[in-house]
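Chemist: got a sequence here, can you build the structure:
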Amino acid sequence: MKVQYVSPFAEASVNVFEMLIGCKPERGSLSARPQMFTSQQINIVCGITGRVEGLVIYGMSMITADKIASKMIGSPVVTFDQLAASAIAELGNMISGHSASLLAAEGYQCDITPPTIIRGTNVSVTTLDIPAIVIPMSLPEIGTFEINVSLQERLAQAA
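Modeler: Purely as a prediction, here's the structure:
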């Protein structure tokens, strides 16, 4: 997978977290996985279509999701309910949308699908053998946020 596909998601995440909750994430070391996998409790899945295609999964613990949703909503989240899930889905939508704009600026025109929230640990998502690059983000006083990027350039379609 090209680094040009991964960098926009790291950059967009930093920008969105700074703007949305006033927190500057610290990026950890990148790692690779042979397929898309997350062990996080709360996951936002966004599809990417266009010149590049695949999936991005944003994963976090329930505690981290509650803290992020609380900051977005402006009141404490006691139970991860529909309102909290909606806030977390919007976070994924904002990061993916900003990433798509950054990819387009690099010549990779693409669109995003609406985000889907998946709750549960040890989630495996088939991406047709597209490897995943994992970007860990540490959010001070909030928790860890993991970005799994699994994208490839769309193959030319027969005319």
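Chemist: can you give me the offset of the helix or strand Asn93 falls within from its chain's centre?
Modeler: Counting by DSSP states H and E, the element that carries Asn93 is helix 82-105. Distance, stretch centre to chain centre, for helix 82-105: 8 Å (Cα atoms, centre = their mean, to the nearest Å).
Chemist: use 56 as the first number from now on
Modeler: Will do, 56 is the new start, and the previous item becomes helix 137-160.
Chemist: show me what that helix is packed against.
Modeler: Secondary-structure packing of helix 137-160 (3 or more Cβ pairs under 8 Å, 6 or more residues apart in numbering; DSSP states H and E): helix 58-76, strand 97-105, strand 107-115, helix 117-128, strand 165-167, strand 171-174. (Each C-beta comes from the backbone N, C-alpha and C, glycine too.)
Chemist: what packs against the third one?
Modeler: Read it as strand 107-115. strand 91-93, strand 97-105, helix 137-160, strand 178-180, strand 198-208.
Chemist: and Val69, how many residues sit next to it?
Modeler: 17 (other Cβ atoms under 10 Å).
Chemist: and the one 3 residues further on, by the same measure?
Modeler: Phe72 has 22 neighbouring residues, counting by other Cβ under 10 Å.
Chemist: that one and Ser193, how far apart?
Modeler: Using Cβ to Cβ, to the nearest Å, one gets 11 Å for the distance from Phe72 to Ser193.
Chemist: overlap of the contact sets of the two?
Modeler: Common contact partners of Phe72 and Ser193 (Cβ atoms under 8 Å, 6 or more residues apart in numbering): 80, 200.
Chemist: tell me the buried residues in stretch 169-176?
Modeler: Neighbour-count burial for stretch 169-176, counted by 16 or more other Cβ atoms under 10 Å, picks out 170, 172.
Chemist: which residues touch Arg106?
Modeler: Listed by Cβ under 8 Å, 6+ apart, the contact partners of Arg106 are 162-165, 208-209.
Chemist: equivalent analysis for Ile123, please.
Modeler: Ile123 makes contact with 76, 115, 142-143, 146, 194, 197, 200, according to Cβ under 8 Å, 6+ apart.
Chemist: what sits closest to the residue nearest the centre of the chain if chain neighbours are left out?
Modeler: Centroid-nearest residue in the chain, with Cα atoms, centre = their mean: Tyr113, separated by 3.3 Å. For Tyr113, ignoring the flanking residues on the chain, the nearest one in space by Cβ to Cβ, 6 or more residues apart in numbering is Ile99 at 4.3 Å.
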